[in-house]
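J.: give me a model of this one.
(chains A and B)
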Amino acid sequence: MKLLQHKTKFWWIGFVGAVLALLGCAAYVITDIGDRTFSWAVFALAIVGSVVYFLSLWKDCFYIPLAASFLFGAATAYEVYLMLPTLSDIWNNVHFIGGNAVQSIVFSALFLVSTALCIGASFGATTKE
Amino acid sequence: MKKNDKKYLWRGLTATLAPVTAVLIVLTNLMFLYKGNVDLVMGTTPDLVETTDDTNYFPSKYGALNAENLEKLLADEKAFNVQVQEEGSVLVKNNGALPLKGEERAVTLFGKSTADPLYRGASGGSGFSAKRGISLKKALENEGFRVNETMFKAYASSTTKRTTAEAEGASIGEEQIDFYNSSLKDSYASDYNDVAIVMFTRVSGEGNDMNVKDADGVPELSLHQQEKDLLKMIKDSGKFKKTVVLINSGNPMDLGWLDEAEYGVDACLWIGLPGNYGFEGVANVLTGKSDVTGHFVDTYATNSLSSPAMQNFGHNYFTNSDKKYQREYVVYAENIYVGYKYYETRYQDQVLGINNANSSAGVFASKGGWNYAEEMAYPFGYGTSYSDFTQEVESITWDRSAHMLTAEVKVTNNGSDAYSGASKSTVQLYAQLPYIEGGVEKSAIQLVGFAKSGILKAGESETVKVEVSDYHFATYDETRTNGADPSKTGCYVFDEGDYYFAVGDDCHDALNNVLAARGVSGLFDEKGNSVEGDPSKAVKDTLTASDNTTYATSPYTDEVVSNQFADVNINYFQKDAVQYLTRADWNTFPKTAVLSVTDEMKKLLDANTYVKSPDAPSAKQTFETSADNGLSLVDLRQADFNDERWDLLIDQMTMRELAANTADQLGSNAVSSIGKPKMASCDGPDGISGTYKVGSGDTGTCYVCEVVLSSTYNVELSKARGEFMAEDALYLGVSWVWGPGADHHRHPYGGRNFEYYSEDGNLAYMISAPQLKAMQDGGLISGLKHFVLNDQEIDRHGISTFLTEQALRENNLRSFEGALATNSALGVMSAFNRIGCTPTMQSVSLLTNVLRKEWGFIGVCITDASQDGADYMRTYEGVIAGSDVWCMDQLRIDPLLTQIRNNDDGTVMEYLRLANKRFLYAASRSNAMNGLSSHTKVSSSVSWWQPAMIVIDCVFGAVALGCLVMTVLSAHVFSRKEG
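T.: Model (predicted):
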């Protein structure tokens, strides 16, 4: 585990965030019931965010946690964009827009946690100096 | 802090602010996209305008728009809704229990919904106002009832929930029998037992049809075990003198159980959904303060699954397509035989012993072969009153030269021992047309007109006149040569033979009267009791030669009316794919149709057919924009639709303004170049969304639901509803309401039957027109919806709908025709579904050939929320077909601009201008014109929160960028310096 030898707790915090985002994407592919609550843009942002973070296993780049938090944040924002009209149906007690509100909330929360973890990782050194 | 730590601090701050900025930008985008909704929430809808005597084009009948006058309006709306509830409720059963005697005022309310009534269906529009609304309990207490608080509180505090959900998730929310513990039973042992008032409720709504199998595993409209147990518990207790059941549902429940002795029901009153004030009317009916005079506008079969239409209800997917919005379909295999047209026609054949009427096909409640008496609970038009009325036909005349049918019926109130007040009686006029074996389908009986008497005291009489055009009983024959243009096929016809016109207490009674006049014996009523019918209530008229010319052209325009919808019949694509029901053989009772897609259908399903024609004119060279013609929209307030100034007005607009005008956002922005003010639009068949802009700022009135209105059979009340809604609109600052609904009650399980008029097209035609005319006269544009065939909510997005043209014209289109063809209304909303394989909003046959040409409609056509169906609701095809405005959809602006600017597409430009003309024409006839004169400068309509959101986004973005710069500097520049 030479790759992980020099990683700090901040790196691990971000790593958990990246893994969560990846799991979210996998869950989407497996369940695929997100009627109008998930788009390929969200999927791509989350995947790219995770991949970028995993690159830090090999390449120590100062901007990686920042980039990951931005990508996960954008994924969260986009998911919120998709979710709010669906939630408005629940608020108004109608089925006007449609969509799977539960799945939207789950994905939004998941990406929000990923974002928060990568933000946390950004506040400290990810590699022992 | 160490210097080195600072770079992490800056990185962390950047990492925090960047996602926050992203979320803010997305939120801003959403808010702009749904600007109308945000305006509603933020209270930034158009303010009430200042008017002068010269500019108050649509004045309130109550005078100036202020708090005092609003209170007067609301008081009148309350009285109106109470009256509608009294005249629209249907007394289904009464063994003398109602009206309640003066001393019967100690009651127990049973049923969870007595503590949580369903005031309105689950769709858009104004909600129940806790401030102004009246519950069942409150209404009863206001009438001096003492209500069992122990039982009421137990229901109120129970966590059992009534829910709507698709696919077996819905629960009626009724308590299980073990809920009624000994303390609850004790609560009515020695008091509160004059009457057990039981209320059963069913809820449906937008996106939520009723479930053929709900959370309890039974059809949602059937009597559930909890309800059976409750009724038995009440009866077995032996404590109550009377049991009265209230049916709180916009959908027809199975009611055959009302006569089953084990439940001990003494009386039953269908009340629909009472809105803010209806329960006061219910209380008035229970006490006898008012009579109840409503009649069913739907068939109440013994088993709600038994109609032919139900056999193709639910999810149906093409076997060879899995693409969402393209795979869904429904076949109207019932043909014209919707509701009573099926049950009554088959009844006639049962009596005559022909056409396999008594076969096992379609048996749901009969013990042997099909038997009307066992299949039917309460027929269409059924309803009793406290007063005893008699109706005598004085004359029924079909004037063929004037094309009018006139019935004069003497109505007499014979009084009643139990009820001394005055009352009204409804005259229902039906027709039986000559049916030729194997010829065009005809119902054995069909409603052609109705009228309600004035208020009659006991002993008083009135001759009620019913006058209708004979268009209402012409038959659309798809195979007949068009009499006006022999090169075309299809037209409305009158076949030669005997025509019978009859009045009756309901459709079944009328049919029996016709059969009696024909000398047919062996008649019986819906309970199976032998009856003779009354031949004096039926009149025969014989047509010696068939007529395929009178209605070969439109009765509204000179347009030839011929086949337009051949490809709406699935058999057009696949020969004999579906056997439609025919009365020639009842063994054709529908089965669930299993279909696949052909290549030809695939092309239509893609709906992406538009290609710019090589002959298309140049948009840039043909049309003028930003011209200085000095016109303002208000100048054309009274201009005819064909006035040349409309083109000059449109010439003043920029290309972007033209495109933006088609994009609704729960309203539309001001357009300064033509003096068009900001306008608000919103939902509301049963009451307009929003809050009153003066006074307490309460929500708009929630009306008694539409189906109760139609059950009044009172066109005056329909007109009054339109007038009140137009008044509401003035106080709410709304110019365009998406309602009423006019789709068909094709079957009992339709999720939005409560906000559609009826299962009968003629009834919907006649009851809707006065309401919509009154709305328009009051300056409120309607959005009569959902045009057309949105008769089920399941898969409503993109579902292909197949039926015969005869059924389409006589049933579904007829429901919309009354308001739209007479230009009573200047607004219509198309539907999410397809007509055949073509989305309704891009059907030229529907929106241009029928709506505009045959019916002469000159108003504006809005799509249903099209952003939601962008996958199949195409922009160019839509605008060319006659879709003028895109509901809650800003995403069509850029494609329209691109096509016109980049591709110089004059065809799209031409139709875009036409769409604007229709929209502006309707707008010019709306209350949005109030306060405007030729000299008024209309400024852009930006709400305060729009620049505020942009500023917030910019500030966060700038700070995030600053943090990023500091991150880079601290990581590279400062650290190097330090080094």
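
J.: which stretches of the stretch 451-600 of chain B form helices?
T.: B:507-517, B:599-606 (DSSP state H, counting those that start in this stretch).

J.: chain A too?
T.: A:9-31, A:40-55, A:64-92, A:101-122 (DSSP state H).

J.: tell me the pLDDT at whichever residue of the stretch 801-950 of chain B sits closest to chain A?
T.: Nearest residue of the stretch 801-950 of chain B to chain A (Cβ to the nearest Cβ) works out as B:Asp868 at 5.7 Å. (Glycine included, C-beta is placed from N, CA and C.) In this model, B:Asp868 is scored at 73, pLDDT.

J.: before we move on, the earlier item: what's the closest of the helices of chain A to B:Tyr300?
T.: Shortest distance between B:Tyr300 and the helices of chain A, using Cβ to Cβ, is found for helix A:64-92: 30.8 Å.

J.: from the contact counts, what lies against the closest one?
T.: Secondary-structure packing of helix A:64-92 (3 or more Cβ pairs under 8 Å, 6 or more residues apart in numbering or on different chains; DSSP states H and E): helix A:9-31, helix A:40-55, helix A:101-122, helix B:3-33.

J.: for that helix, buried residues please.
T.: When burial is assessed from 16 or more other Cβ atoms under 10 Å in any protein chain shown, helix A:64-92 yields the following buried residues: A:64-89, A:92.

J.: equivalent analysis for stretch B:89-107, please.
T.: B:89-94, B:97-100, B:104-105, B:107.

J.: which two among these are spaced furthest apart?
T.: B:Val90 and B:Arg105 (24.2 Å).

J.: hmm, which helix or strand of chain A has the shakiest average pLDDT?
T.: Scoring the helices and strands of chain A by mean pLDDT, DSSP states H and E places helix A:64-92 at the bottom, with a mean of 85.

J.: show me the contacts for the residue most central in space within chain A.
T.: Central residue of chain A (Cα atoms, centre = their mean): A:Phe111, 3.3 Å from the mean position. Contact analysis of A:Phe111 by Cβ atoms under 8 Å, 6 or more residues apart in numbering or on different chains lists A:Ala21, A:Gly24, A:Val42, A:Ala46, A:Phe72, A:Ala75, A:Thr76, A:Glu79.

J.: which of the residues you listed sits closest to B:Ser171?
T.: Checking these one by one against B:Ser171 (Cβ to Cβ), the nearest turns out to be A:Glu79, at 30.2 Å.

J.: residues near the closest residue to the closest one other than its chain neighbours, how many?
T.: Excluding the flanking residues, the one nearest A:Glu79 by Cβ to Cβ, 6 or more residues apart in numbering or on different chains is A:Ser108, at 4.6 Å. A:Ser108 has 24 neighbours, counted by other Cβ atoms under 10 Å in any protein chain shown.

J.: how about the one 4 residues further on?
T.: With neighbours defined by other Cβ under 10 Å, the count for A:Leu112 comes to 19.

J.: can you show me the helices along the stretch 151-300 of chain B?
T.: Under DSSP H, counting those that start in this stretch, the stretch 151-300 of chain B gives helices at B:182-186, B:225-237, B:278-287.

J.: deepest of these, which one?
T.: Highest mean neighbour count among the helices of the stretch 151-300 of chain B (mean count of other Cβ atoms under 10 Å in any protein chain shown): helix B:278-287, with a mean of 26.

J.: residues touching the nearest residue to B:Phe473 once chain neighbours are set aside, list them.
T.: Nearest non-adjacent residue to B:Phe473, counting by Cβ to Cβ, 6+ apart: B:Ala431, 4.4 Å away. By Cβ under 8 Å, 6+ apart, the contact set of B:Ala431 is B:Leu405, B:Ile445, B:Gln446, B:Val448, B:Phe473, B:Tyr499, B:Tyr500, B:Phe501, B:Ala502.

J.: with B:Ala502 instead?
T.: B:396, B:429-432, B:445, B:510-511, B:513-514, B:517, B:537-539.
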